[in-house]
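1. Using only what follows, build the 3D model:
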Amino acid sequence: MNNKKTTLFFAGVLSLIILSSLVSALTVTPASLTLTHVGDEETFVLNDFTGTVTLPSSYTFYADQKPATITFNDTSVSAGETVKATLTSIDAEFSYSPFSFSYPVGNGTENATLTLNVNKGYCDFGNQGKLEIRSLKIDNTNGYGDDEEWYPLDEIQLKVEVENNEDYELEDITVVWGIYNPVTGKWIIDDEEKNFDLDDDERNTVTINFQIDPEDLDSNREDYVLYVKAYSDDSDVGESEQCYSESETVKINLDSDFVILDDLKMTPEKALCGQEVQVTANVWNIGEDDQEDVYVVVYNKALGINEEIEVGDVDSLEKEKISFVITVPEETEETSYKLQFWVYDEDDQIYENDNDDESYEEAYLIIEGGCILAPQASVSAVLESGGQAGKELVIKATIRNIGDKTQTYTLSANNYATWATLTLIDPATMTLDAGASQEVTYRLNVNKDVEGSNTFNVEIKTGNTEKETLRQSVQVTIEKSSFSFPGLSGFAVSNDNWYLWGIGALNVILIIVIIIIAVRVARS
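-> Alright, predicted model coming up:
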């Protein structure tokens, strides 16, 4: 009796051990099934599990929402063992993964999840011939991301260098490219460039500029694939003989809360004083969450612009349009003005992405067309004193504000250097209300050799530009330099009558000599 119990006990233990080993063989952790090359019969390697997996002879599943069938040549596979299988019936011209599927193992009571990396190749027949893509260079030229990680609407520049390594010319080479969503199996961009020819050993760089449209994105995905291929479309060669493809995984960031401006335009871009300028833009929500009570602030101090533009609610990966008008002030300096734009959320905070970059844009408005008015002033001038060569000349000028508002004037003079030296302007600046006037004194030292009519300019400035300067010419008459004999009739000696004065002086001397001789004769 005891022997039977012992026998039954050991039999039970042995059964448990056997059952345990079977269970361990059926318990499969998520495995990796990796495609190593392209062809009708694919080679896969199973990893990341222990024991032995019993595979079905075939299994139908969905790859990128398209039906596919995988048929395994061997149904019993150990960890790390290579297994051959045929992948058929993918209803797509091109398919990229990774994607995952589950299938029954063992007696069908357990499931194993396998991840299958499939890349059928961008070239229809794989890389063929000696046409080669030497390099792909990606630059984020304008936006919130960088070269490796983009944001929607970033301006991306892609440079594709293609080389012909054949010993003959290849004609009608086409570069085809696109951004692919490996989950949905859809292209968010699918485009091609103009054809070109390449001589043997010749290279050509194709430059492509593009933006990612937020409406084409999947809000639950950030990883996409950039594909590029170059092939000869020549009728004698074709893609089956000359084709080369490259790919890069790209990340397109979608933060939780981020709203930006895009397609910012001002009409016209060059405006006149007093003109209305139409401003339009798209307000894009490139974040994952819907936003409420969004608004935009536009600012420029010099133009007196500080406006708040209401936008409202903007759903994720959608846009709203804004349009408003700004008026250029009547008197504005002709130059370029930077208008600044910020996007605010419902809490009156500027939107920021995960890199702490603010939602900010700027645009430039050019003002031209004679906007600045000359100083609104009149000038009248009179001779206060002087007017002779070698002496001081004093001019009194009256400045009147003939405009309709208070103006500050800076006073100066020019066009006098050939005949005089300016010594004083008093006052040099003045502020006048509309209709008011004030006198200003100009003092000049006249050169000794000056005579006749001379002019100088009274200058009135309200700014630093030529159009903010008013010039008024003032004419003065200068007499020649002269001298007088003390005690005589007051006639002046000048360069024109000096000989008359010489004769007169000689007569005086002769009379004096005669008187002296007469006196001496009388005494003798």
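2. OK, contacts around the closest residue to residue 377 other than its chain neighbours?
-> Using CB to CB, 6 or more residues apart in numbering and skipping residues adjacent in sequence, the residue nearest residue 377 is residue 460, 5.2 Å away. The way it works is simple: take the backbone N, C-alpha and C, and place the C-beta from them, glycine included. Contact analysis of residue 460 by CB atoms under 8 Å, 6 or more residues apart in numbering lists 375, 377, 379, 399, 409-411, 469-472.
3. If we use 6 Å, what do you get?
-> Counting by CB atoms under 6 Å, 6 or more residues apart in numbering, residue 460 makes contact with 375, 377, 409, 470.
4. Residue 265 too?
-> For residue 265, the contact set (CB under 6 Å, 6+ apart) comprises residue 280.
5. what sits opposite it in the beta ladder?
-> Per DSSP bridges, the residues bridged to residue 265 are residue 280.
6. now the chain, which segments are flagged as low pLDDT?
-> Applying pLDDT under 70 to the chain flags the ranges 1-51, 53, 61-68, 79-83, 85-121, 235, 370-373, 482-502, 504, 523-524.
7. picking up where we left off before, state the helix or strand in which the residue nearest to residue 377 lies.
-> For residue 460, the host element (DSSP states H and E) is strand 452-461.
8. strand partners of that strand, parallel vs antiparallel please.
-> strand 407-414 (antiparallel), strand 469-478 (antiparallel).
9. Ok, which of those strands comes nearest residue 390?
-> Closest of the strands paired with strand 452-461 to residue 390 is strand 469-478, at 9.5 Å (criterion: CB to CB).
10. Can you verify residue 519 is assigned to a helix?
-> Yes. Under DSSP: H, G, I helix; E, B strand; the rest coil, residue 519 sits within a helix.
11. neighbours of it, just the number please.
-> Using other CB atoms under 10 Å, residue 519 is surrounded by 10 other residues.
12. Look up how far residue 512 lies from it.
-> Applying CB to CB, to the nearest Å, the value for residue 519 to residue 512 is 11 Å.
13. go on, residue 199?
-> From residue 199 to residue 512 the distance is 115 Å (CB to CB).
14. next one: residue 156
-> From residue 156 to residue 512 the distance is 110 Å (CB to CB).
15. what does the domain assignment say about the protein?
-> 2-117, 131-252, 261-367, 377-478, 486-524 (automatic domain parsing).
16. now the strands for the stretch 301-450 of the chain?
-> Counting by DSSP state E, counting those that start in this stretch, the stretch 301-450 of the chain has strands at residues 305-314, 319-327, 336-344, 360-367, 377-385, 392-401, 407-414, 420-426, 429-432, 437-446.
17. I'd like those as JSON lines, with distance to residue 455 and mean neighbour count appended.
-> Listed next are the strands of the stretch 301-450 of the chain as JSON lines, based on distance: least, CB to CB, whole Å; neighbours: other CB atoms under 10 Å:
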{"stretch": "strand 305-314", "distance to residue 455": "45", "mean neighbour count": "15"}
{"stretch": "strand 319-327", "distance to residue 455": "43", "mean neighbour count": "15"}
{"stretch": "strand 336-344", "distance to residue 455": "38", "mean neighbour count": "17"}
{"stretch": "strand 360-367", "distance to residue 455": "35", "mean neighbour count": "16"}
{"stretch": "strand 377-385", "distance to residue 455": "11", "mean neighbour count": "15"}
{"stretch": "strand 392-401", "distance to residue 455": "11", "mean neighbour count": "19"}
{"stretch": "strand 407-414", "distance to residue 455": "11", "mean neighbour count": "17"}
{"stretch": "strand 420-426", "distance to residue 455": "11", "mean neighbour count": "14"}
{"stretch": "strand 429-432", "distance to residue 455": "23", "mean neighbour count": "15"}
{"stretch": "strand 437-446", "distance to residue 455": "12", "mean neighbour count": "18"}
